[in-house]
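Peer 1: predicted model, plus sequence, below.
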Amino acid sequence: MPPFAVEFVYVVSGFLFVLGLKRLSSPVTAPQGNAMAAGAMLLAVVATLLDQQIISYGTLAAGLVVGTVIGALLARLVKMTAMPQLVAVFNGFGGGASALVAAAELLREGGANPGAAEAGAAAIGILVGTVTFSGSAVAFGKLQDLLTQRPVTFPLQKLVSGLVFLALLAGAVMMILGEVGPEMLLAMGGLAFLLGILLVIPIGGADMPVVVSLLNSYSGLAASAAGFVLGNPLLILAGALVGAAGLILTQLMCRAMNRSLANVAFGAFGGGGTVAAGDEGERIVRRTGAEEVAMLLGYASRVIIVPGYGLAVAQAQHEVKKLTDLLRKRGVEVVFAIHPVAGRMPGHMNVLLAEADVSYELLLDLDDANGAMERTDVAVVVGANDVVNPEARKPDSAIAGMPIVDVDRAGNVVVIKRSLSPGFAGIDNPLFYLDHTLMFFSDAREAISDLAREVKEL
């Protein structure tokens, strides 16, 4: 292809990337945004392959077939509850691929005389990409319960992490000064791999959504650095967009938890734990069943449903949609309160409800939901815990200042949950013991199905 044609395709692809990212800001336009970004990537790949014979088309076809088969299997077999783990895997593969590309480009033709800028970009790509790979592997293990969700700490841990980081900086300087070879690249990769583990193991399960988002940002930065090494402007742009979007999302999620990024990264918070004993003495839980709750819901004027990770685990989104339709047919106003960090990844609840064809118009953000809570007859909490915990209003609480859904201010509260066990933050929830709270102990899917049947018979 003529050089001007390649550059023109890159410009078009860059424009589509930006436009697609913009349309991802709304659930309504997100499918179009995904399609635009995918089309942009297809254009970029085709133009690059036509411009340079990097590999044989036979090898390319083999890779395309293998990747397509793996992608199709993942799409069919991975449950929605496992999406956070899958995102962590994708982040890790993206960072690892960028690190390998940067290293391979330096070693190509013996790695002779790389420029300072190229060596510096390669060092960043190897460092950030490998940190992303190993950090994502730890995040996957925590989310999949292969590793403990508790923070893992040891004496002088931060000092060790700091020394490893300083060693990586020294290695990067040596690479810029011309020390480029297999031994140096392996040393950089090994230290970065260790640093990724050290950075993620002290972070507990409650903060995994933020960690996944931050690692996504890292993978974009690594891709951008690889673009500098390759001299590919579109890869630089695409990586920068991913990195910036991931960082913005991370900041939004930290704000939703009323915590700083440094506190998440170094606070060793949120690892499960046991129910706090407290000093309130014996507290009474008001148990309920499907028939009583159905009466409450069927004759209410406004109902707000608060979905949480328990809904995702039980795959109860379709049953919730059925219950919502039945209540709306009876003239009950039903909406959903979506907390930004409910679930285990950004937008987890939005994705689940969209899968069940719940209208976007019924999804309220935190501020709108809380503004309507005092005028709500029944708030139904489905598998949520920390995001509805009134302890966040106490300055000495582990989740102090975290914005919550104020379900305790509704006329009645129904909590659908398997037990009184605490959430990821590891603290008890006084909401369960309030006089106007009813505890419906059950699997979320079974409970919602029973409720739908009882409402239908009213």
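Peer 2: Now that the structure is in, tell me what you want to look at. Numbering: from 1, shown residues only.
Peer 1: look up how far Ile248 lies from Arg255.
Peer 2: Arg255 sits 11 Å away from Ile248, going by CB to CB, to the nearest Å. The C-beta positions use only the backbone N, C-alpha and C, and glycine is treated the same way.
Peer 1: please report phi then psi for Ile304.
Peer 2: Dihedral pair for Ile304: phi -120, psi 120, per degrees, to the nearest 10.
Peer 1: could you list everything it pairs with in the sheet?
Peer 2: As for beta bridges, Ile304 partners with Val335, Ala379 under DSSP bridges.
Peer 1: could you report the neighbour count for Val152?
Peer 2: By other CB atoms under 10 Å, 19 other residues sit near Val152.
Peer 1: average pLDDT across stretch 210-224?
Peer 2: Per-residue pLDDT values over stretch 210-224 give a mean of 88.
Peer 1: spit out the contact partners of Met345.
Peer 2: Neighbouring residues of Met345 by CB atoms under 8 Å, 6 or more residues apart in numbering: Met83, Pro84, Val87, Met208, Pro209, Val212, Ser213.
Peer 1: er, Leu451 actually
Peer 2: Taking CB under 8 Å, 6+ apart, one finds Ala290, Val293, Ala294, Leu297, Leu323 in contact with Leu451.
Peer 1: show me the domain layout of this structure.
Peer 2: Domain segmentation of the chain under automatic domain parsing yields 1-77, 80-266, 290-456.
Peer 1: let me have those domains in JSON lines, extended by distance to Ile284.
Peer 2: Shown next, in JSON lines, are the domains of the chain (distance: least, CB to CB, whole Å):
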{"stretch": "domain 1-77", "distance to Ile284": "40"}
{"stretch": "domain 80-266", "distance to Ile284": "28"}
{"stretch": "domain 290-456", "distance to Ile284": "7"}
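Peer 1: looking at these, which is nearest to Arg283?
Peer 2: domain 290-456 (4.2 Å; CB to CB).
Peer 1: measure the closest one end to end?
Peer 2: Using CA to CA, to the nearest Å, the end-to-end distance of domain 290-456 comes out at 12 Å.
Peer 1: what's the neighbour count on Gly231?
Peer 2: Gly231: 11 surrounding residues under other CB under 10 Å.
Peer 1: renumber starting at 16 from here on
Peer 2: Renumbered: residue one is now 16, and that last one reads Gly246.
Peer 1: how about it, phi and psi?
Peer 2: phi 70, psi 30.
Peer 1: confidence score at it?
Peer 2: Confidence at Gly246, expressed as pLDDT, is 82.
Peer 1: grab the nearest non-local neighbour of the residue minimising distance to the centre of the chain.
Peer 2: Centroid-nearest residue in the chain, with CA atoms, centre = their mean: Met360, separated by 2.7 Å. Excluding the flanking residues, the one nearest Met360 by CB to CB, 6 or more residues apart in numbering is Pro99, at 3.9 Å.
Peer 1: my read: that neighbour touches Arg359, true?
Peer 2: Yes: using CB atoms under 8 Å, Pro99 is in contact with Arg359, at 4.0 Å.
Peer 1: between these two, which contacts overlap?
Peer 2: By CB under 8 Å, 6+ apart, the residues touching both Pro99 and Arg359 are Leu158, Met223, Pro224, Val227.
Peer 1: and the last one, what does it touch?
Peer 2: So that's Val227. So Val227 contacts Pro99, Val102, Ala103, Asn106, Ala154, Leu158, Arg359, Met360, Pro361 (CB under 8 Å, 6+ apart).
Peer 1: ok, and the most crowded of those residues?
Peer 2: Asn106 leads these on contacts (other CB under 10 Å) with 30 neighbours.
Peer 1: for the stretch 266-415 of the chain, what spans make up the strands?
Peer 2: 317-322, 348-352, 378-379, 393-397 (DSSP state E, counting those that start in this stretch).
Peer 1: dump these into TSV; add distance to Val27 as well.
Peer 2: What follows is the strands of the stretch 266-415 of the chain, written out as TSV (distance: least, CB to CB, whole Å):
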stretch	distance to Val27
strand 317-322	39
strand 348-352	38
strand 378-379	34
strand 393-397	44
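Peer 1: what is the top helix by length along the chain packed up against?
Peer 2: Longest helix of the chain, by residue count under DSSP state H: helix 131-158. Applying 3 or more CB pairs under 8 Å, 6 or more residues apart in numbering; DSSP states H and E, we find helix 131-158 packed against helix 98-122, helix 172-191, helix 197-215, helix 223-245.
Peer 1: which one of those helices is the most hemmed in?
Peer 2: When you average the neighbours per residue for each of the helices and strands packed on helix 131-158 (mean count of other CB atoms under 10 Å), helix 223-245 leads with a mean of 26.
Peer 1: got the angle between it and helix 131-158?
Peer 2: Orientation of helix 223-245 against helix 131-158 (axes from the mean of the first three to the mean of the last three CA atoms, to 10 degrees) gives an angle of 160 degrees.
Peer 1: now the angle from helix 223-245 to helix 197-215?
Peer 2: Going by the same axes, to 10 degrees, helix 223-245 makes 160 degrees with helix 197-215.
Peer 1: gap between helix 223-245 and the chain center?
Peer 2: Centroid separation between helix 223-245 and its chain, computed with CA atoms, centre = their mean, to the nearest Å, is 14 Å.
Peer 1: cool, stretch 417-434 as well?
Peer 2: Stretch 417-434 has its C-alpha centroid displaced from the chain centroid by 23 Å (CA atoms, centre = their mean).
Peer 1: and what of stretch 186-205?
Peer 2: That offset, for stretch 186-205, works out to 33 Å (CA atoms, centre = their mean).
Peer 1: who touches that stretch?
Peer 2: With contact meaning CB under 8 Å, 6+ apart, stretch 186-205 is reached by 114, 118, 121-122, 126, 128-129, 131, 134-135, 137-139, 141-142, 145, 183, 206.
Peer 1: need the contacts of Val227 in JSON lines (columns: distance to Asn444).
Peer 2: JSON lines is the format used below for the contacts of Val227 (distance: CB to CB, whole Å):
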{"residue": "Pro99", "distance to Asn444": "22"}
{"residue": "Val102", "distance to Asn444": "28"}
{"residue": "Ala103", "distance to Asn444": "27"}
{"residue": "Asn106", "distance to Asn444": "31"}
{"residue": "Ala154", "distance to Asn444": "26"}
{"residue": "Leu158", "distance to Asn444": "22"}
{"residue": "Arg359", "distance to Asn444": "18"}
{"residue": "Met360", "distance to Asn444": "22"}
{"residue": "Pro361", "distance to Asn444": "23"}
